[in-house]
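Undergrad: 3D, please:
(chains A and B)
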Amino acid sequence: MDFFLQQLINGITLGGVYALIALGYTMVYGIIQLINFAHGEFFAAGGYMGVILISYLSSQGLHPYACLAISLVLSMGYCALLAMAVEQLAYKPLRQASRLAALLSALGMSIFLQNGLMLTQGVYDRAYPTEITSGGFAIGAISISYMQILIVAVTAFLLVGLNLLVFRTRIGRAMRATAQDKVMSALVGINSNRIIALTFAVGAGLAAAAGIMVGLYYGSVNYTMGFVPGIKAFAAAVLGGIGNITGALVGGLIIGMVEIFAAGYISGEYKDVFAFIILIGVLYFKPTGIMGENVDDTRV
Amino acid sequence: MTIRESKRLWLACGVGLVWFLILLWPMLGIKPDGLEFATTFKVFGYVAVAAVFIMFFYQVKEAGYLDTVGAPAKQATGLIGAIYEKTPNWVLLGIVLAGAIAFPLLTGRYAHDVAISVLIYICLGLGLNVVIGLAGLLDLGYIAFYGVGAYTYALVSLHFGISFWLCLPIAAFVAAIAGCIIGYPTLRMRGDYLAIVTLGFGEIVRLILNNWMSLTNGPNGILSIPRPELFGYDFRSLSSMYYVILGLAVVTIIAVYRLNYSRIGRAWEAIREDETAAELMGVNTFLLKLLAYAMGATFAGFAGAFFAARMKFVGPESFTFLESAMVLAMVILGGMGSIPGVILGVLALVALPEVFREFEMYRMLVFGGVMTLMMLIRPAGIWPAKRVGRRSEEAD
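TA: Take a look at the predicted model:
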């Protein structure tokens, strides 16, 4: 039972992170029907930006948690700018082209960014400072680290923020309108290019936050770290019903749970396989995902 | 080009460069021991000079100043084209084949090595070309079949002592079975979903190769795989291995060519252009899509078996997603569905980087950039396939 509860807590932590990445996929897919392969690279870039900024700021003598907060905000901003640049260069000219062309362009961008990261930051892992990642407490036999609480808290905060943005502001309404019908929303005066750029920026910002969370959780970042979590997050987005924000959250939690429980009870080496099997199974049996029914009114 | 357009272009270029600087500096300039500017501005300087030069060149070209150079060049290419049109195909093919056969006699060991990897990628590219170029099924896990072929040869030859030539069809057959297994559940999907599912399958295969210790020896790979042998002749030297893969590549080229112009190939093209219409016209899309996967996988299986024999070693590291993306980039760069295009694409992405050996680390960066750039400026590739008939979109 203890083991089960421990795994449950680990699963929620990881699932929340996957949900953050999945939101970017789902929002972008909802609005321009493109699998943004480069999304995993925004996540990796966010993780690196976190390491860079935290090491710099803590060398300036700031409190570790202040470093973390500032780095979080700056990394999210950095990745938002990166995503807007990528969108402008690689996706915007291909809006009218075939979907295959856009997909391959996204794939090219993903490889390009990954190697850009490698060239600027090196091939070796970079470790997060341990003063942030260490520490924790225990309830009975279950141990919870401060890191896990922090990850869950940041994830929840960002999710609430996103929800407010999408459902309570004019920008959010414009995003939903553009996702439903680009032409009609343009006719009522919504600048769809700006809204698409903004969607990319918001999605990449969330991915950047997830990158820092993952970096803190595992203690280090690597330039290839974007690929597998990216695919898993895509699986989460598909599982929840692509284009659906709540779905991405639920899907992320499920994928995180499945991964942790599979690692704990079946086999640690094959844990990634289970996420892929879920992905294939969902696409095969229910391509609309578990929350797919209401895809039209809540999609972003 | 008017002054106004030109101004707008330069403005876009300037904004882009500023944006690039903002993105580049934090990655290069922020160090734990302080802020640094020198490296960033060095890199930024190179990129800025290149960008301004390209912009300038583009403007000059648009303004027509280059016509004195451009017109004769165009004439020359036209002349070459005309000669190419006039010469019978068999003469050209004969020249190319004679060159390929004479190649190892004229060059050294290093060149043999490059040539062998070019030929392996030609087999792989043409196999993927069947799946994506002819049938229009985007496969991002293609390298898995290459891996299946390589491991099949390695295991069968080591455990049962069966010779390379017998293993070759076995490896191809096992790869084709794997193609069917992967193809079957994906047949209901199209486009993006298909891409992502094949990617997932490719990763599953790699993870199995990486973790099934008792069969594949895990990340350590399998060592001392035997080289091929024929009537007592041992293919130990690199140049003899070159002839083996040359033979395989020629077989692949002929097979893909014949497939392309067969009823099956035509049916694939019909599926690629409009699946619903093809189905209504009586094309068995289910069987043919499965066949496309199986055929593509067969060629990858051949290439894989050869790869294992040539390296004498297989490990899961050779079959990552990046390899799939590389083969895909070759097919796209050359021109989907066109055999000379794919060969050209392979030469451009395998042989050219060998010339610029000192820029090795930028290789994948260029791969990614080229892939995006090709989609933006020339989606059909360097040597596009000749179309049979017209597309429905072109009519209106």
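Undergrad: What's the local residue count around B:Gly337?
TA: With neighbours defined by other Cβ atoms under 10 Å in any protein chain shown, the count for B:Gly337 comes to 26. C-beta here means a position set from N, CA and C on the backbone, and glycine is covered the same way.
Undergrad: what about it, distance to B:Ala348?
TA: 17 Å (Cβ to Cβ, to the nearest Å).
Undergrad: ok, now B:Val244?
TA: 24 Å.
Undergrad: Next: B:Thr152.
TA: When B:Thr152 is compared with B:Ala348 (using Cβ to Cβ), they lie 30 Å apart.
Undergrad: Look at these two and report which has more neighbours.
TA: B:Thr152 (25 against 16).
Undergrad: element containing that one, please.
TA: helix B:143-160 (DSSP states H and E).
Undergrad: One more: A:Ile31?
TA: Using DSSP H and E, A:Ile31 falls in helix A:2-32.
Undergrad: Show me what counts as buried in that helix.
TA: Neighbour-count burial for helix A:2-32, counted by 16 or more other Cβ atoms under 10 Å in any protein chain shown, picks out A:6-7, A:9-32.
Undergrad: do the same with stretch A:86-104
TA: Those would be A:86-91, A:94, A:99-104, for stretch A:86-104 by 16+ other Cβ under 10 Å.
Undergrad: and the next element down the chain from the helix holding A:Ile31?
TA: Next along from helix A:2-32, by DSSP H and E: helix A:39-59.
Undergrad: Give me the distance from that next one to the chain's centre.
TA: Relative to its parent chain, helix A:39-59 has a centroid offset of 14 Å by Cα atoms, centre = their mean, to the nearest Å.
Undergrad: Just the CA trace of the next helix or strand after that helix, in CSV.
TA: Of the helices and strands lying after helix A:39-59 in sequence (DSSP H and E), the nearest is helix A:64-86. Provided in CSV are the C-alpha atoms of helix A:64-86 (Å, rounded to 0.1, in the frame of the first residue of the first chain):
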residue,chain,number,x,y,z
PRO,A,64,17.7,29.8,-4.3
TYR,A,65,13.9,30.1,-4.4
ALA,A,66,14.1,33.7,-5.6
CYS,A,67,16.5,32.5,-8.4
LEU,A,68,14.0,29.8,-9.3
ALA,A,69,11.1,32.2,-9.5
ILE,A,70,13.0,34.7,-11.7
SER,A,71,14.4,32.0,-13.9
LEU,A,72,11.0,30.5,-14.4
VAL,A,73,9.6,33.8,-15.6
LEU,A,74,12.6,34.6,-17.8
SER,A,75,12.7,31.1,-19.4
MET,A,76,9.1,31.2,-20.2
GLY,A,77,9.6,34.6,-21.9
TYR,A,78,12.6,33.3,-23.7
CYS,A,79,10.8,30.2,-25.1
ALA,A,80,7.8,32.3,-26.0
LEU,A,81,10.1,34.5,-28.2
LEU,A,82,11.8,31.4,-29.6
ALA,A,83,8.4,29.9,-30.5
MET,A,84,7.2,33.1,-32.2
ALA,A,85,10.4,33.2,-34.3
VAL,A,86,10.0,29.5,-35.3
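Undergrad: Give me the buried positions along helix A:64-86.
TA: A:67-68, A:71-72, A:74-76, A:78-86.
Undergrad: Report the entries of the residues you listed that also contact chain B.
TA: A:78, A:81-82, A:85 (Cβ under 8 Å from any Cβ of the partner chain).
Undergrad: So which elements touch the helix holding A:Ile31?
TA: For helix A:2-32, the packing partners by 3 or more Cβ pairs under 8 Å, 6 or more residues apart in numbering or on different chains; DSSP states H and E come out as helix A:39-59, strand A:142-145, helix A:146-168, helix A:170-180, helix A:192-218, helix A:227-240, helix A:245-261.
Undergrad: and chain B, which of these is closest to it?
TA: Closest of the helices and strands packed on helix A:2-32 to chain B is helix A:39-59, at 4.1 Å (criterion: Cβ to the nearest Cβ).
Undergrad: sorry, back to before: return the member of the buried residues of stretch A:86-104 nearest to A:Val228.
TA: Set against A:Val228, the nearest of these by Cβ to Cβ is A:Leu103 (19.1 Å).
Undergrad: Report the distance from the host helix or strand of that closest one to the chain centre.
TA: Using DSSP H and E, A:Leu103 maps to helix A:99-121. Between the centre of helix A:99-121 and the centre of its chain there are 17 Å (Cα atoms, centre = their mean).
Undergrad: likewise stretch B:50-63?
TA: Distance, centroid of stretch B:50-63 to centroid of chain: 30 Å (Cα atoms, centre = their mean).
Undergrad: ok, now stretch B:329-347?
TA: For stretch B:329-347, the separation from the chain centroid amounts to 7 Å (computed by Cα atoms, centre = their mean).
Undergrad: And it, what's buried?
TA: Residues B:329-339, B:341-347 are the ones in stretch B:329-347 that count as buried (16+ other Cβ under 10 Å).
Undergrad: okay, that stretch in PDB with CA atoms only?
TA: Listed next in PDB are the C-alpha coordinates belonging to stretch B:329-347 (Å, rounded to 0.1, in the frame of the first residue of the first chain):
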ATOM      1  CA  ALA B 329      15.400  14.300 -45.300                       C
ATOM      2  CA  MET B 330      17.200  12.600 -48.200                       C
ATOM      3  CA  VAL B 331      14.000  11.500 -49.800                       C
ATOM      4  CA  ILE B 332      12.500  14.900 -49.400                       C
ATOM      5  CA  LEU B 333      15.600  16.800 -50.500                       C
ATOM      6  CA  GLY B 334      15.900  14.800 -53.700                       C
ATOM      7  CA  GLY B 335      12.200  14.600 -54.500                       C
ATOM      8  CA  MET B 336       9.600  12.200 -53.300                       C
ATOM      9  CA  GLY B 337       8.700   9.500 -55.700                       C
ATOM     10  CA  SER B 338      11.600  10.100 -58.100                       C
ATOM     11  CA  ILE B 339      14.400   7.600 -58.200                       C
ATOM     12  CA  PRO B 340      17.200   9.800 -59.500                       C
ATOM     13  CA  GLY B 341      16.000  12.400 -57.100                       C
ATOM     14  CA  VAL B 342      16.400  10.100 -54.100                       C
ATOM     15  CA  ILE B 343      19.900   9.100 -55.300                       C
ATOM     16  CA  LEU B 344      20.800  12.800 -55.600                       C
ATOM     17  CA  GLY B 345      19.400  13.500 -52.200                       C
ATOM     18  CA  VAL B 346      21.500  10.800 -50.700                       C
ATOM     19  CA  LEU B 347      24.600  12.100 -52.400                       C
END
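Undergrad: do that stretch and chain A meet at all?
TA: Yes. For stretch B:329-347, a contact with chain A is found by Cβ under 8 Å from any Cβ, at B:329, B:332.
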